[in-house]
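[1] the following block contains a protein sequence and its predicted model.
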Amino acid sequence: VRRLSLVPVAALIACVGDIRVPTEQTNPPPKGPSAAACGLPSRLVRLSTRHYRNAVRDLLGLADGPLLTAGGGDVTAFFPLDAPSVSDAMALEYNDVADAMAAQVDVATLAPCPALRPRGLRGCAADFIARFVPRAFRRPLVDGEAAALLNVYDAGEGYDDGVRMIISAVLQSPSFVYRTELHAQLDDYEAATQLSFFLLDSQPDDELWAAAERGELSTHEGRRAQVDRLMQLPRVRDNVTQILLRWFRTDRVTQTHHDDPAFTGDLTASMAMSTQLFVDDVLWNQNGSLNALMTSRDVWVDSNLAGFLGVPAPQAGGFAPATFPADQRAGLLTQPSLMASLAGVSDTSIVRRGLFVYSSLLCLQPQPPPPGVVAAAAADLAQLTTQRQLSDYRRTHQPCGSCHGSFDPFGITLENYDALGAYRSTMPDGTPVDAAWNISFSPTLQGAVNGGAQLAQLLAASPDVARCVARQLASYQAGAFLSPDLACLVDAAPAEPQPDVNLVDLIARTAASGAFQTRVGAP
Amino acid sequence: MSYAIARRAFLRGAVGFAALLRSLESSAQGLTPKRFVVVHRPNGTIRSNYLPNGSGPGATLGPILQPFAEVMSSTLVVDGLQLLPGGGQGTHEAGIVTLYTGFPIGPPRPTLGPADDWLNQAASVDQVLAVQSPALNVAPYRSLQLGAHRDQSVPETADRVLSYAGPNEPMEAEISPAAAYARIFGSLASGTDPATLMKARAKKQSVLDFVKGDLTRLRGLVPSSERPRLDTHETAIRDLERALDQRVAAASTSCTGPTASWLSAPAADFNDVGAIASQMFAIMRAAFVCDLTRVVTFLWSPAVSDLQFEGLYPGMPRVAHHSLTHMDLTDPSIYEPLTAIDTWYAAGTANLIKDLEATPDSSGGSLLDNTIVLYANEVADGHHSLTNMPLVLFGGCNLGLRTGRIVNCGDPGGDVTKNRSVNDLWLSLASRLGVPLDSLGAPNQFAGPLNGLFNDHVLPGACGEQRVPPAPRRR
């Protein structure tokens, strides 16, 4: 009885306000005289699975880097949720991986030692250390470091073996495994590293490194010049596209199952590629407009997807954009890949679609159902068949309604896409689709809509979504979801983002932002 | 020369392994090894088909546990225990975190994902045992985390982690048999002469000396809030040094890993999951034979897994596991496929138990005699009930586990909310495995060890060759 009485209270708390970030868990800035300062804490950032893989690849000039598994990282995750500390299994894995990578390198290329060697083989090893290790450690060598690495070399059996031992030592050293962001004002090397892991998804490239050595990254102009250069690189553009795709988890469609035999592996692969091409096109051919991302009528189709959507296949083969009527497709939210992955096995899912809008586009964290609720409602729910009937029950029965009432409506307006992502105007039983709802989410997100395309228009015009976009990008740069007390990092991106925000410009501003250059609680 | 003796002979000649030698000698001199294994399968069971038929000596296992009938004499079904995750939460995520740590859930992980990805507040019990038990913390690898499936549709970390090194320190399962094999047996080279091994070990140490120096330097630069992480890292490197020492020791014996065409791709369907699990079990068994580890947690598939099954019985349609558990569990078209799925997991797990039972241990008896296996689930059923958790123990004869029985720890009056806590089972197990614990979890989460699970004394020779299976009976 006591537990039950708590349920409505918990549910009410659950669905108002912002993401609750437990302050104990996020290394908050220390309280005290400097507590008023808002900024990321002075910290170590362990390279995520993806960053470690890319950094090793670029450092050693390999086609691909190693994939760590012991730390639990996920290369497709938006935030790296890798284990924060290095466990014994991870230390062992670093050791094994470092040896394996060192064994792979071509020593003659990476650490050439010409026949005429004035200081002998050991001199070549010293040259290699001076050249290679600062780039690996993303800072100049400190006193004694070169000598310590020469000791490692000396333990080897011959030049090649010694060089490989240096490489193995470097790839498992804390100076490589952790990025440092320690100074109250990031130094040039820390600034270069932060910029580089955001935009290049890896170690600083030669030009960024040179700019750090010249001391150019301590000014906003210097950082912005590097950002503008980087944003022209195909590699950076690909990475920025991938950042958005990871945010929206568009890859999920390839792991989605539907009972319908039409939903083949080929089709899901086409859907995933279609959304990638769409985001790429919006970012780099349509000036990165958030409005275009949210409302474009284009869907990129190949022969698979054209057949599925009932439009002509591109004559030249491959993918080409097909423009749909305004009531059928509007931007990212109505992409077939998203609609198909945000669905059940045999039906659509009002909950999953509603939650996508709620969390991915509005930056709100849903709370799980209170205990016992699922079991208590099971008998009632078993009598209901359609998604709409189920949603009607959830929204009108407490405690379910206190949460589902806020996000189910988004899913209801997306009911004009079937479980596989095709547009529909009638339900399987022949009745017309009812996707109309008077959205009343917030003072700046409300209005009557009919269908997913109109919902997308409403979202595109809402500053709620624009703020979430800015916050997500700032969070990505920070490497973790920003708690409300770190709002300064979002607000510091110059000018409040407007609904027609330019995503490319917002990313560039976030990357160069001065607010990300300071650290609180530096020793 | 037996494996154990060969290893001792080598160790006597080796320099610098005094501590290792001591531990191995003590085990060779009659102290049998102890081991602990967790096997987890997801999404609850169908209680009516899980419960045994009848009671007393004539009781037989229900359909879901039927695969364990062959090893009934090594099986102990523990019914009537409940989970108390606190926080008013009764979900898969809350269940799995509390099941393995014994503590109430913490706050949700700070992500944009669902707010039910609870952080753990304490190390998992397997890790408490792996670190603190003098009987367990003696092998090169303190513990192994293995698994067969990582469902991409389940975003919560909590759902796929069984072991935690500490608060918010998840230890994820390796799901690639190829990677697991390489990690555990990778550098074991049978027949290499000790001098070569020692030389390789010394080279490795020069690398690690640099790594440790770098760690010390960095430790002097970071704010105090970051020092605990680096302390953990430093401990991990010391563990690595120990593991390398023992790898060298083990490599000098004839003890090498099994050979197989190791799978590495993620599972595409349930048949793949079964194939990966079989390989992981083979690796686990071999690691025990070589005494490379004494603690293993194994994840069949994460909590909330929507792994799809079909054709487990004639006419069984294709179903997604977790989705199906949220349907009407009294409808035959729902509970029959769910029964078949839980039976499938039991059959796969029974293969591991049979394998451990059939494999002799170096100190006599079978691997299973010296190993306690806990087969568990994060919820009791698909509607997130936590009151009658479906838990089974196997093996442990040399540790005094009284198997061949079904015990009911439920409230005698039938009030399931008064059932004993799973933590009381943990207290019983921990004590037998070398870590006497007075408490586990919040004050309302434990009462004390369960009585009657273990014999007070283990008679020499009681396990192994001529063990008479006790008749199944209810307490």
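    It's in. Residues are numbered from 1 along each chain as shown, chains lettered A, B, ... in the order given.

[2] just give the closest residue to residue B:340, not the sequence neighbours.
    Leaving aside its chain neighbours, residue B:340 sits nearest to residue B:312 (3.9 Å; criterion: CB to CB, 6 or more residues apart in numbering or on different chains). Placement of C-beta: from N, CA and C, glycine included.

[3] need the contact list for the residue in the stretch 101-250 of chain A positioned nearest to chain B.
    Across the stretch 101-250 of chain A, the shortest distance to chain B (CB to the nearest CB) belongs to residue A:155, at 3.7 Å. Neighbouring residues of residue A:155 by CB atoms under 8 Å, 6 or more residues apart in numbering or on different chains: A:162, A:165, B:202-203, B:206-207.

[4] just the buried ones from the residues you listed, in ChimeraX syntax?
    Per 16 or more other CB atoms under 10 Å in any protein chain shown, the buried members of those correspond to this ChimeraX selection:
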select /A:162,165 /B:203,206,207
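
[5] so where is the stretch 151-300 of chain B shaky, pLDDT-wise?
    Judged by pLDDT under 70, the stretch 151-300 of chain B has its weakly predicted residues at B:186-192, B:250-255.

[6] likewise the stretch 51-200 of chain A?
    A:72-73, A:81-83.

[7] near chain B, which residues of it? Just list them.
    A:69-72, A:78-79, A:81, A:83-93, A:95-96, A:142, A:148-149, A:151-152, A:154-157, A:165, A:168-169, A:172-175, A:178, A:180, A:182 (CB under 8 Å from any CB of the partner chain).

[8] just the buried ones from these?
    By 16+ other CB under 10 Å, those give A:69-72, A:78-79, A:81, A:83-93, A:95-96, A:148-149, A:152, A:155-156, A:165, A:168-169, A:172-175, A:178, A:180, A:182 as buried.

[9] in stretch A:515-523, what counts as buried?
    Neighbour-count burial for stretch A:515-523 [16+ other CB under 10 Å]: A:515-522.

[10] contacting residues around that stretch?
    By CB under 8 Å, 6+ apart, stretch A:515-523 touches A:29-30, A:34, A:37-43, A:181-186, A:191, A:194, A:218, A:477-478, A:488-489, A:492-493, A:510, B:221-225.

[11] so of those, which ones are in helices?
    A:191, A:194, A:477-478, A:488-489, A:510 (DSSP state H).

[12] redo the residues you listed as CSV? Include neighbour count and distance to residue A:112.
    Formatted as CSV, the ones in helices among the contacts of stretch A:515-523 follow (neighbours: other CB atoms under 10 Å in any protein chain shown; distance: CB to CB, whole Å):
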residue, neighbour count, distance to residue A:112
A:191, 26, 31
A:194, 24, 32
A:477, 22, 37
A:478, 19, 40
A:488, 15, 49
A:489, 22, 44
A:510, 25, 40
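
[13] and these, which two are the farthest apart?
    A:191 and A:488 (18.1 Å; CB to CB).

[14] gap between residue B:153 and chain A?
    6 Å (CB to the nearest CB, to the nearest Å).

[15] without its sequence neighbours, what residue ends up closest to that residue?
    Residue B:153's closest residue in space is residue B:306 (CB to CB, 6+ apart), at 5.3 Å.

[16] the one you found belongs to a helix, doesn't it?
    No. Assessed with DSSP: H, G, I helix; E, B strand; the rest coil, residue B:306 is coil; it does not lie in a helix.

[17] show me what contacts it?
    A:257, B:151, B:153-154, B:320-323.

[18] and the strands in the stretch 251-400 of chain B?
    B:295-299, B:308-309, B:319-320, B:371-376, B:391-395 (DSSP state E, counting those that start in this stretch).

[19] between the ones you listed, which one is nearest to chain A?
    Of the strands of the stretch 251-400 of chain B, nearest to chain A by CB to the nearest CB is strand B:319-320, at 5.1 Å.

[20] before we move on, the earlier item: the residue nearest to residue B:340: neighbour count?
    16 (other CB atoms under 10 Å in any protein chain shown).

[21] wait, it touches residue B:341, no?
    Yes. At 7.0 Å, residue B:312 and residue B:341 qualify as touching, with contact defined as CB atoms under 8 Å.

[22] so residue B:247 touches residue B:183, yeah?
    No. Between residue B:247 and residue B:183 there is no contact under CB under 8 Å: 11.0 Å.

[23] so which of those two has more stuff around it?
    Legend: neighbour count by other CB under 10 Å for residue B:247 and residue B:183, higher for residue B:247 (23 against 20).

[24] what about the helix or strand encompassing the more buried one, near chain A?
    Counting by DSSP states H and E, the element that carries residue B:247 is helix B:227-251. Yes. Helix B:227-251 reaches chain A (CB under 8 Å from any CB) through B:228-230, B:232-233, B:235-237, B:239-240, B:243.

[25] so what secondary structure elements neighbour that helix?
    helix A:88-104, helix B:3-13, helix B:18-28, helix B:194-219 (3 or more CB pairs under 8 Å, 6 or more residues apart in numbering or on different chains; DSSP states H and E).

[26] list, one by one, the residues from the stretch 251-400 of chain A near chain B.
    So the stretch 251-400 of chain A meets chain B at A:252, A:255-257, A:259, A:344-345, A:355, A:359-360, A:363, A:365-372, A:374-375, A:378-379, A:382 (CB under 8 Å from any CB).

[27] residues contacting the residue nearest to residue B:163 when sequence neighbours are not counted?
    Residue nearest to residue B:163 in three dimensions, not counting chain neighbours: residue B:171, with 4.1 Å by CB to CB, 6+ apart. Residues counted as contacts of residue B:171 (CB under 8 Å, 6+ apart) are A:72, A:83, A:87, A:89, B:127, B:143, B:145, B:161, B:163-165.
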